[in-house]
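>>> I'll drop the sequence and a predicted model, then ask my questions.
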Amino acid sequence: MLSLRQYSLKPVTQAVLISSLVGTLAACGGSGSNNTNVNNPDSQPDSTSFSLAVSDAPVDQASEVVVYFDAVELIGESGNQTFDVRDGNGDPRAIDLLQYQGNAFVEIVAATDIPLGTYSQLRLVVTDDSYIVTDAGTFNLSVPSGELKLDGFVALPNVEAAYTVEFDLRKSVVDPVGQTSTYFLKPRGVRLVTNSEVGTLSGTVSTDLITHADCSVKADSDVGNAVYIYNSTNLDAGSLGDDADSPENAAEISPYAIATVNYEASSDSYRYVAGYLPAGDYTVAFSCLADADLPESDENAEDGFNFQLVTETSISAGNETVLSL
């Protein structure tokens, strides 16, 4: 847990909404699909259109995170639906997740009709060819049981089922102690979002924060900068935690998403983008010490991890919220 005196709060009014995401989400699916029987126009549709895309939030010290996708499975109460997502040669489709950051995406299932009803689970079937390239070399990227199992959804009439799988790699990629050649890709930090219900948060980070006194322990000021996003407001800043799946105590709050802050030479600025955030109110915190935040352990100020700023903002569906920190 972190001390509140380490933070400075900025007003919500610095967030400015712009309608730039609408076109992006429309590319992933927009209006509903109506599969009414043409011989009986008054009948109710029995199917709707399903599509699936993949996007990513990056992880530090990795230049490639390549996942080989074999199939997508929908587990339904009235039967399962399976989609072959292999490439044109019949091989598992290789996607470098780091190529699709922020609100960028790649579609792996094009719009296809599925029966209406409840699908309790969506499964991404991947192969053991997946790998990660880090500063230390190239390593196998293993998925337990070869499947990422995510929450499902209800396919409704006249509502297109257009979804995106968002990989928050800071949470989901784990380098286990004692393993020398394998990283693990876990389902935590991987979430299924409805395209019509999400927006984007983006902005710049001031050099005052990048060069904050807390950051002097780093050899490279451009490394380890990240924005932590919590899906609520009026939170106790001292209870905002890191990305560990086992918080230090019951009062600690885990982030919903984490966005890496990158230096952009063309504009001489530090920028971040977090895509596919469900509409709502959020607490946003910046840390220049995110490289000290390990995925499966709980870090705090004593471990060299804290926040230099905490503020709040709101996300609306189909829009991009610009928040300068």
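Arrived safely.

>>> I'd like the mean pLDDT over the strand ranked longest in the chain, please.
As assigned by DSSP state E, the longest strand anywhere in the chain is strand 62-76. Model confidence over strand 62-76, given as mean pLDDT, is 94.

>>> Would you mind listing the buried residues in it?
62, 65-76 (16 or more other CB atoms under 10 Å). Placement of C-beta: from N, CA and C, glycine included.

>>> Could you export those as CSV, including distance to T138?
As requested, the buried residues of strand 62-76 are exported to CSV (distance: CB to CB, whole Å):
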residue, distance to T138
A62, 11
V65, 11
V66, 10
V67, 14
Y68, 14
F69, 19
D70, 21
A71, 25
V72, 26
E73, 29
L74, 33
I75, 34
G76, 38
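
>>> about what we covered before: parallel or antiparallel, list what pairs with the longest strand of the chain.
Using DSSP bridges, the strands paired with strand 62-76 are strand 81-84 (antiparallel), strand 93-96 (antiparallel), strand 117-126 (antiparallel), strand 131-134 (antiparallel).

>>> now, which of the buried residues of strand 62-76 sits nearest D84?
Among those, A71 lies closest to D84 (CB to CB), at 5.8 Å.

>>> With adjacent residues omitted, what lies nearest to that closest one?
V125 (4.2 Å; CB to CB, 6 or more residues apart in numbering).

>>> Could you measure from the one you found over to S145?
Note on V125: its distance to S145, by CB to CB, to the nearest Å, is 10 Å.

>>> And those two? Which one has more around it.
Counting neighbours by other CB atoms under 10 Å for V125 and for S145 shows that V125 has the greater number, 20 against 9.

>>> and V217, how many neighbours?
11.

>>> again, but for P157
P157 has 15 nearby residues by other CB under 10 Å.

>>> So it: helix, strand or coil?
coil (DSSP: H, G, I helix; E, B strand; the rest coil).

>>> what's the closest non-adjacent residue to it?
P157's closest residue in space is P45 (CB to CB, 6+ apart), at 4.6 Å.

>>> ok, the one you found touching A155?
No: P45 is beyond contact range of A155, at 10.3 Å (criterion: CB atoms under 8 Å).

>>> Mutual contacts of those two, please.
Taking CB atoms under 8 Å, 6 or more residues apart in numbering as the contact rule, the neighbours common to P45 and A155 are L116.

>>> Settle it for me: which of those two has more neighbours?
Neighbours were counted for P45 and for A155 using other CB under 10 Å; A155 has more, 23 against 17.

>>> Could I get the contacting residues of the more buried one?
47-48, 50, 114-119, 161.

>>> at 6 Å instead, please
48, 114, 116-117, 161 (CB atoms under 6 Å, 6 or more residues apart in numbering).

>>> ok, those residues vs A237, which is closest?
For these, the nearest to A237 is A161 (38.1 Å; CB to CB).

>>> ok, what's across the strand from N262?
Here N262, judged by DSSP bridges, has bridge partners R271.

>>> count of neighbours near it?
N262, neighbours per other CB under 10 Å, totals 15.

>>> got a pLDDT number for it?
N262 is given a pLDDT of 91.

>>> just A301 next, same as before
68.

>>> Quick check, the residue nearest to A71 in contact with Y68.
No: using CB atoms under 6 Å as the test, V125 is too far from Y68 to be in contact (9.7 Å).

>>> what bits of the chain have low per-residue confidence?
Within the chain, the stretches with pLDDT under 70 are 1-43, 176-180, 244-248, 295-296, 301.
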